[in-house]
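*Asks:* Predicted structure and sequence below. I'll ask about it afterward.
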Amino acid sequence: MSEQQDMITDIKTPVYLQYNFTAGKSPARFLSQIKQGILTGQRCPSCQNVYCPPRGSCAACGVATEEEVVLSGKATVQSFTIVAIPIPGNPIKPPFVIANLVADGANISFIHLMSDCVNEEVHMGQRVEPVWKPQEEWGYAMDNIKYFKPLDEPDMTIEDIGKLALNAEKV
Amino acid sequence: MQKIAIVAYSQSQCVPQAGASNEVELIMPRLQEVYEQAGIRNAQDVDFVCSGSCDYLQGAAFAFVSGVDALGAVPPIKESHVEMDAAWALYESILKIRMGQAESALIYGFGKSSPGELPIVLSQQLDPYYLAPLWVDTVSLAAMQARLMLESGVISESDMAAVVARSRSNALNNPKAQLAAQVSVEELLREEEFVAPLRKHDCCPVSDGASAMIICTAEKAMEWGKPYALISGIDHRIETHNLGMRDLTDSPSTRTAALGAGADSGPIDVAELYAPFSHQEIILSRALGLGDETQINPSGGVLAGNLMMASGLSRIGEVFNRIISGDATRGIAHATSGPCLQHNLVAVIEGAA
């Protein structure tokens, strides 16, 4: 034995596993609509809350969200942050705004970008609308909407966010 | 020791490919079915929820967290998860009840194995320094175990084929089974080898699905007024991960777990054994000392359909079903995990006296 072994600080054992991914029946319905430029939500038959985007169940009630509703895409800022540092792997140059948005007619927020705005003026209750990518770039993805931009409408009071009556029709 | 009552159990159809469904969509129908059986509304009506799954199966990080969406966790619930077969989620739930922290529990297990190459995916459960980098798959390891048994003369290829023939035939009575048929030992032995000495039929199929169960104290079961069976004992033991140190032709951990669960304190009418390979059923029934008085794997066992992370819980559920139907009064259920039957759990289930 040598007097002193070198300390082994790492070994390389790369893992490559291939999967055929499926989003789920309910997300697949949502993604098929967004590929057509239509933002949809799905309603819980129990508590009536509308999820956008849907994941398959109402997480509050544990039941499937079967009923699909078309949303206009207009939304309200529920919360937001201004990112001032570059995020590894993220192509967007800082500073940029990430917002928690509640689509009109939906009750649960989703996260998206805000742009075409004065970052320092973004605020809770602010009304926004989607800016879609050119139609030829639409895929099965949430980023068919490039970002949301401010809408010239009065703010929504904070306690009303997520409670906007739904004028959406069934699909 | 406090006996625990099983009041509800449901398993999905074993299918080779669950199609577009995600984990939440696989779990929800099972939960609705056990709520209905137990006569409760939802997960808010039990004191504790525990699930078993493995994110490597569908290749989706935190898939088990998505599974919680099936529960309706508003207001918040007491919930836990094991990165193991849900038989161990049952074990955790039983401990929770015995400690007096819950009177009832919902347990579910789910696996969507079809998106990946399951035997390769499972190679990553091996020791990370020496074995996992070699990508030794589970079928190859089981084949080496079978070869040891054949060459040492403790079993013959006909014994293995007989296990398969009985599984296929029993599965004809199991509407949830994936593989069922009337087939002879001779026909099976005429099939070509797959990973020698295993033929394809010696290996369990890849299946997608979920199962769920509700357990509670015997007092609670009487309060609910539903038929129930009692888990009178449960134990689990694990062997070293170093395959070279194990006697692969035997399962001492199963034997010790069975003793710990009190399996020897009465007759065993039925045994549901989690044997993913035909020769492993022989190892297990010998380790458990099962004789002609015991009906082994009347459901067909996992050779007829293997829901990874749910099959162990399903073995317990299958024995429960037979006790409720009156086909058996006392049985044992076995669950396994790891390569070549490394980790084994045994539960004893009895009719409510």
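*Replies:* Done, it's in.

*Asks:* rest of the way, CA atoms for contacts and neighbours
*Replies:* Fine.

*Asks:* Check the secondary structure at B:D235 for me.
*Replies:* Under the three-state scheme (DSSP: H, G, I helix; E, B strand; the rest coil), B:D235 adopts strand.

*Asks:* Now do it against B:G260, distance only.
*Replies:* 6 Å (Cα to Cα, to the nearest Å).

*Asks:* same deal with B:Q342?
*Replies:* From B:Q342 over to B:G260 (counting by Cα to Cα), the distance is 17 Å.

*Asks:* Comparing B:D235 and B:G260, which shows the higher neighbour count?
*Replies:* Applying other Cα atoms under 10 Å in any protein chain shown to B:D235 and B:G260 shows that B:D235 carries more neighbours, namely 21 against 18.

*Asks:* Specify the beta-bridge partners of the more buried one.
*Replies:* Here B:D235 sits in beta bridges with B:V346, going by DSSP bridges.

*Asks:* Please name the residues that touch it.
*Replies:* B:257-258, B:260-261, B:345-347 (Cα atoms under 8 Å, 6 or more residues apart in numbering or on different chains).

*Asks:* next one: B:S12
*Replies:* Residues in contact with B:S12 (Cα under 8 Å, 6+ apart) are B:30, B:176, B:209-211.

*Asks:* what about residue 67, neighbour count?
*Replies:* Defaulting to chain A. 14.

*Asks:* wait, I meant chain B there
*Replies:* The tally of other residues near B:G67 (other Cα under 10 Å) stands at 24.

*Asks:* Check which helix or strand it maps to.
*Replies:* Element membership for B:G67 (DSSP states H and E) is helix B:63-67.

*Asks:* Counting by contacts, list what that helix packs against.
*Replies:* Counting contacts by 3 or more Cα pairs under 8 Å, 6 or more residues apart in numbering or on different chains; DSSP states H and E, helix B:63-67 packs against helix B:23-38.

*Asks:* for the closest residue in space to B:N297 that isn't next to it in sequence, which residues make a bridge with it?
*Replies:* Distances taken as Cα to Cα, 6 or more residues apart in numbering or on different chains put B:E272 closest to B:N297, at 4.6 Å, once the chain neighbours are dropped. The residues listed as beta-bridge partners of B:E272 by DSSP bridges are B:A333.

*Asks:* chain center to the strand or helix carrying A:K149: distance?
*Replies:* Assessed by DSSP H and E, A:K149 sits inside strand A:145-150. Centre-to-centre, strand A:145-150 and its host chain are 12 Å apart (Cα atoms, centre = their mean, to the nearest Å).

*Asks:* Surely B:Q13 and B:A177 touch.
*Replies:* Yes. The criterion here is Cα atoms under 8 Å, and B:Q13 meets it with B:A177 at 6.5 Å.

*Asks:* between those two, which one's more packed in?
*Replies:* Counted by other Cα under 10 Å, B:Q13 and B:A177 do not tie: B:A177 has more neighbours, with 24 against 19.

*Asks:* How about the residues of chain A by chain B?
*Replies:* Residues of chain A that fall close to chain B, judged by Cα under 8 Å from any Cα of the partner chain: A:13-14, A:17-25, A:28, A:56-64.

*Asks:* Provide a list of residues in contact with B:V82.
*Replies:* B:50-53, B:88-89.

*Asks:* Now do the contacts for the residue nearest to B:T294 when sequence neighbours are not counted.
*Replies:* Of all residues not flanking B:T294 in the chain, B:D269 sits nearest, at 4.7 Å (Cα to Cα, 6+ apart). Residues in contact with B:D269 (Cα under 8 Å, 6+ apart) are B:293-295, B:328-331.

*Asks:* show me where the stretch 201-350 of chain B has helices.
*Replies:* Along the stretch 201-350 of chain B, counting by DSSP state H, counting those that start in this stretch, helices occupy B:218-224, B:252-261, B:278-287, B:311-324.

*Asks:* Can I get the ones you listed in JSON lines including distance to B:E151?
*Replies:* Shown next, in JSON lines, are these (distance: least, Cα to Cα, whole Å):
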{"stretch": "helix B:218-224", "distance to B:E151": "49"}
{"stretch": "helix B:252-261", "distance to B:E151": "20"}
{"stretch": "helix B:278-287", "distance to B:E151": "13"}
{"stretch": "helix B:311-324", "distance to B:E151": "30"}
